[in-house]
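Asker: With the input below, show me the fold.
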Amino acid sequence: MNHHVIAPRAASAPAGDTGRHFDFIVCGAGTAGSVVAGRLARNPEVRVLLIEAGGHDEHPNVLQPGNWPLNLGSERDWNFTGAPNPHLNDRRIPLNMGRGLGGGSSVNVMLWARGHQNDWEDFAAESGDAAWSYASVLEIYKRVEDYQGTPDTMRRGAGGPVHISPARDAQPIAKAMVSAARGMGIPTFDNPNGEMMEGRGGAAINDLIVRNGQRHSMYRAYVHPLRGQPNLTVLADTLVSRLVFEGRRVVGVEAVRNGRTERFTADKEVVLSLGAVNTPKVLMQSGVGPQEELARHGIALVQHLPGVGANHQDHVSFAVIFAYEAPQPVGYGGSEATLYWSSDSAMRLPDMFHCQVEFPVPSAENAQRGVPAHGWTMFAGLAHPHSRGRVILSGPGVTDAPIVQANTLAHPADMRCALENIRFVQELGAQAAFKGLVKGESLPGKLDAKALDHYVRNAAVTYWHQSCTAKMGRDAMSVVDAQLRVYGVQGLRVADASVMPHVTSGNTMAPCVVIGERAADEICALYAI
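Answerer: Okay, here's the model as predicted:
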């Protein structure tokens with residue numbers, strides 16, 4: 001079934017070109033792209049085209065919260081894989097990324113995690129713009145949220161487009177994890193998106209984007225309610241291949257649809273919201289990026305920006321798996337509690353980011369060590385890894401797959417932090433709060449230093465939070481300014497996780513909503529729409 005394509009309004013379009021001529025083209029209907037397109041299309045006078053490489057979202061594995069793992073490896077996944085990594089015993093780790101209307105927000109674990117106060121203060125400092133400060137971003141969060149939990153008028157919003165609710169009827173294992181954290185002297189909170197992320201961290205039951213028992217993606221929140229408006233066109237199953245320039249100005253895009261290349265024009269701006277892998281790919285294949293990388297593939301240079309594809313960051317985690325005394329049910333999405341903590345009270349940002357999952361999730365390499373038939377996983381995660389990777393091209397064509405050199409664990413501090421995190425989780429899992437629920441630890445178990453090192457390198461997996469490959473800032477490696485405009489190019493912005501100077505503390509969906517809102521705010525102010 002193809003997604004319904006809405007015909008655009010023909011006003012001011014050249015004769016014979018009514019289906020290809022718009023004010024704004026948004027490339028990518030993922031989290032941030034859906035926000036930008038939905039915000040702009042609210043004005044009936046503004047012609048908006050939203051292009052998405054993947055298909056529709058009306059699939060049980062998208063809509064049913066508990067089915068999210070079934071999206072991994074499916075046609076709703078870009079199925080990226082990292083380059084072989086010597087720091088991970090030469091493993092090529094899967095780097096899943098949502099492909100379809102809603103992008104990551106249609107296939108992810110549905111966690112609404114807004115980032116730490118100091119993430120946003122860092123973004124404001126890097127960009128030189130107070131519009132990215134925590135106080136400003138808090139106002140954005142308050143206007144977009146329709147929060148169903150305990151009211152907190154200082155920090156939480158009501159009546160906005162994004163339906164957010166605490167995990168309903170959280171399973172005993174999730175509640176036990178929060179209690180265990182409290183037993184270790186870690187503060188616990190009513191929710192993970194208010195006061196908890198203004199200090200050292202804590203533990204809480206998750207906030208989820210689940211509405212009436214179904215996933216409520218950002219496409220559903222921002223774009224779906226506008227379908228049928230004549231000023232909004234949504235093209236699914238359409239792959240953006242390159243930007244079209246007149247001089248240094250972007251005037252449209254080329255995209256592959258039904259096997260044919262088509263051109264669409266934008267009178268005002270093009271917004272790239274293709275994610276931290278495909279955004280740098282399309283920029284580079286269009287002539288915007290590191291001069292030497294483009295020359296290697298015979299791509300004509302439009303603008304030398306060495307930061308395109310650089311600064312790749314992702315949250316990495318390591319499974320610690322515990323066996324249940326008896327089989328337990330799996331709650332909404334299977335991930336109902338989170339713990340963030342700063343191992344040193346002097347830290348500005350938490351370095352620990354632990355997600356609880358209500359079933360065993362070993363890496364493929366560690367599964368052979370013996371996994372309990374019934375158990376739970378605490379992912380010992382690094383909130384702010386020091387390792388940096390990059391995205392490079394394998395070729396100049398639209399079907400040439402990007403190469404993701406994630407460089408996970410390349411920085412020695414990340415290995416030290418991984419070992420500390422695992423020790424922390426082992427202590428957490430041994431707390432009295434789990435008595436009667438949990439038999440004990442299955443993986444990694446008691447290992448000597450060499451064996452544990454091997455386990456960690458085999459255990460490393462991604463939280464699917466790739467980011468920072470077209471970063472916002474004011475230095476030579478920055479790609480966009482505070483308004484998300486690409487340096488040296490007119491008519492082009494980036495609005496997705498690529499623009500983060502550093503990855504936020506926690507899941508990246510909610511921060512991507514802020515990025516989309518900030519892009520829309522800047523566009524609406526500039527064009528008085």
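Asker: can you give me phi and psi for Tyr222?
Answerer: Main-chain torsions, Tyr222, degrees, to the nearest 10: phi -110, psi -30.
Asker: Would you check that it makes contact with Ser34?
Answerer: Yes: with contact defined as Cβ atoms under 8 Å, Tyr222 and Ser34 form a contacting pair (4.7 Å). Quick note: C-beta positions are derived from backbone N, CA and C, even for glycine.
Asker: Show me where the chain has its helices.
Answerer: Secondary structure of the chain (DSSP state H): helices located at 31-41, 60-63, 117-127, 134-144, 172-183, 218-222, 275-285, 291-296, 412-429, 449-459, 509-527.
Asker: average pLDDT for stretch 188-202?
Answerer: Stretch 188-202 shows a mean pLDDT of 97 in the predicted model.
Asker: repeat for stretch 277-288
Answerer: Stretch 277-288 comes out with an average pLDDT of 98.
Asker: list the contacts for Ala410?
Answerer: 85, 87, 387-389 (Cβ atoms under 8 Å, 6 or more residues apart in numbering).
Asker: Looking at those, which is nearest Lys450?
Answerer: His87 (15.7 Å; Cβ to Cβ).
Asker: residues touching the residue lying closest to the closest one once chain neighbours are set aside, list them.
Answerer: Spatially, and ignoring its direct neighbours in sequence, His87 is nearest to Leu409 (4.1 Å; Cβ to Cβ, 6 or more residues apart in numbering). Neighbour list for Leu409: 85, 87-88, 316, 387, 415, 418, 456-457, 460 [criterion: Cβ under 8 Å, 6+ apart].
Asker: Spatially nearest residue to Ser343, not counting backbone neighbours?
Answerer: The shortest distance from Ser343 to any residue other than its chain neighbours is 5.5 Å, reached at Asp351 (Cβ to Cβ, 6+ apart).
Asker: And for Gly436?
Answerer: Gly436's closest residue in space is Glu325 (Cβ to Cβ, 6+ apart), at 6.4 Å.
Asker: which stretches of the chain have low pLDDT?
Answerer: 1-18 (pLDDT under 70).
Asker: State which strand of it is the longest.
Answerer: Secondary structure of the chain per DSSP state E: the longest strand is strand 260-272.
Asker: what does it rub up against?
Answerer: Strand 260-272 is contacted from outside by 12, 17, 20-28, 33, 36, 49, 51, 241, 243-244, 250-256, 279, 282-283, 491-496, 519, 523, 527, using Cβ under 8 Å, 6+ apart.
Asker: swap the cut-off to 6 Å and go again
Answerer: If you take Cβ atoms under 6 Å, 6 or more residues apart in numbering as the criterion, strand 260-272 is touched by 20-27, 36, 49, 250-255, 279, 491-495.
Asker: what does stretch 454-469 give?
Answerer: 88-89, 95-96, 276, 280, 309, 311-319, 363, 365-366, 391, 408, 418, 444, 497-498, 500, 503, 508.
Asker: Repeat that for stretch 282-298.
Answerer: By Cβ under 6 Å, 6+ apart, stretch 282-298 touches 240, 242-243, 274, 299-306, 308, 393, 395-396.
Asker: Can you tell me who Trp341 pairs with across the strands?
Answerer: Per DSSP bridges, the residues bridged to Trp341 are Gly201, Met352.
Asker: Kindly provide the distance from it to Pro290.
Answerer: Using Cβ to Cβ, to the nearest Å, Trp341 is found at 37 Å from Pro290.
Asker: next one: Ser105
Answerer: Taking Cβ to Cβ, one finds Ser105 at 30 Å from Pro290.
Asker: quick revisit: and the contacts of stretch 454-469, which are buried?
Answerer: With burial judged by 16 or more other Cβ atoms under 10 Å, the buried subset of the contacts of stretch 454-469 is 88, 95-96, 276, 280, 309, 311-319, 363, 365-366, 391, 408, 418, 444, 497-498, 500, 503, 508.
Asker: residues near Asp400, how many?
Answerer: Neighbour count of Asp400, defined by other Cβ atoms under 10 Å: 13.
Asker: OK, contacts around it?
Answerer: Ser394.
Asker: same thing but 8 Å
Answerer: Asp400 makes contacts with 393-394, as judged by Cβ under 8 Å, 6+ apart.
Asker: What of Ser217?
Answerer: Contacts of Ser217 were listed using Cβ under 8 Å, 6+ apart, and they are 34, 57, 62, 101-102, 105-106, 209.
Asker: how about a cut-off of 6 Å?
Answerer: Contacts for Ser217 (Cβ under 6 Å, 6+ apart) come out as 102, 105-106.
Asker: beta partners of Leu50?
Answerer: Bridge pairing for Leu50 (DSSP bridges) gives the partners Val26, Val234.
Asker: how close does it sit to Glu75?
Answerer: Separation of Leu50 from Glu75 (Cβ to Cβ) stands at 19 Å.
Asker: More neighbours: the two, which one.
Answerer: Neighbour totals were compared for Leu50 and Glu75, and Leu50 leads with 32 against 12 (other Cβ under 10 Å).
Asker: That one contacts Cys27, doesn't it?
Answerer: No: judged on Cβ atoms under 6 Å, Leu50 makes no contact with Cys27 at a distance of 8.4 Å.
Asker: surely Val438 meets Ile321?
Answerer: No: using Cβ under 6 Å, Val438 is not in contact with Ile321; the gap is 10.6 Å.
Asker: out of the two, which sits in the more crowded spot?
Answerer: For Val438 and Ile321, the more surrounded residue by other Cβ under 10 Å is Ile321, and the numbers stand at 26 against 23.
Asker: and the gap between the closest residue to the more buried one other than its chain neighbours and Gly201?
Answerer: Using Cβ to Cβ, 6+ apart and skipping residues adjacent in sequence, the residue nearest Ile321 is Leu443, 4.3 Å away. As judged by Cβ to Cβ, Leu443 and Gly201 stand 25 Å apart.
Asker: The two: which is more packed in?
Answerer: In terms of neighbours (other Cβ under 10 Å), Gly201 is the more surrounded of Leu443 and Gly201; the figures are 30 against 24.
Asker: So that one sits against Pro350, correct?
Answerer: Yes: look at Gly201 against Pro350 with Cβ under 6 Å: they come within range, at 4.2 Å.
Asker: Overlap of the contact sets of those two?
Answerer: With Cβ under 6 Å, 6+ apart, Gly201 and Pro350 have common neighbours 340-342.
Asker: What's the local residue count around the closest residue to Leu111 other than its chain neighbours?
Answerer: In this structure, Leu111 finds its nearest non-sequential neighbour in Asn507, 4.5 Å apart by Cβ to Cβ, 6+ apart. By the measure other Cβ under 10 Å, the count of residues near Asn507 is 27.
Asker: I'd like to know how many residues surround Gln298.
Answerer: No Gln there; residue 298 is Gly. So Gly298, with other Cβ under 10 Å, has 8 neighbours.
Asker: taking the buried ones among the contacts of stretch 454-469 one by one, which sit in strands?
Answerer: The strands, defined by DSSP E, take in 95, 316-319, 391 from the buried ones among the contacts of stretch 454-469.
Asker: Same list (these) but as TSV, adding distance to Pro372.
Answerer: What follows is these, written out as TSV (distance: Cβ to Cβ, whole Å):
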residue	distance to Pro372
Leu95	27
Val316	24
Ser317	19
Phe318	17
Ala319	12
Val391	37
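Asker: quick one: which two of the residues you listed are the most distant?
Answerer: Across these (Cβ to Cβ), the longest gap, 26.1 Å, separates Ala319 and Val391.
Asker: what sits against Thr188?
Answerer: Contacts of Thr188 by Cβ under 6 Å, 6+ apart are 178, 182, 202-203.
Asker: Most neighbours out of the residues you listed, which is it?
Answerer: Taking other Cβ under 10 Å as the neighbour criterion, Ala203 ranks highest of the contacts of Thr188 with 25 neighbours.
Asker: from what I can see it touches Ala181, true?
Answerer: Yes: applying Cβ under 6 Å, one finds Ala203 in contact with Ala181, separated by 3.7 Å.
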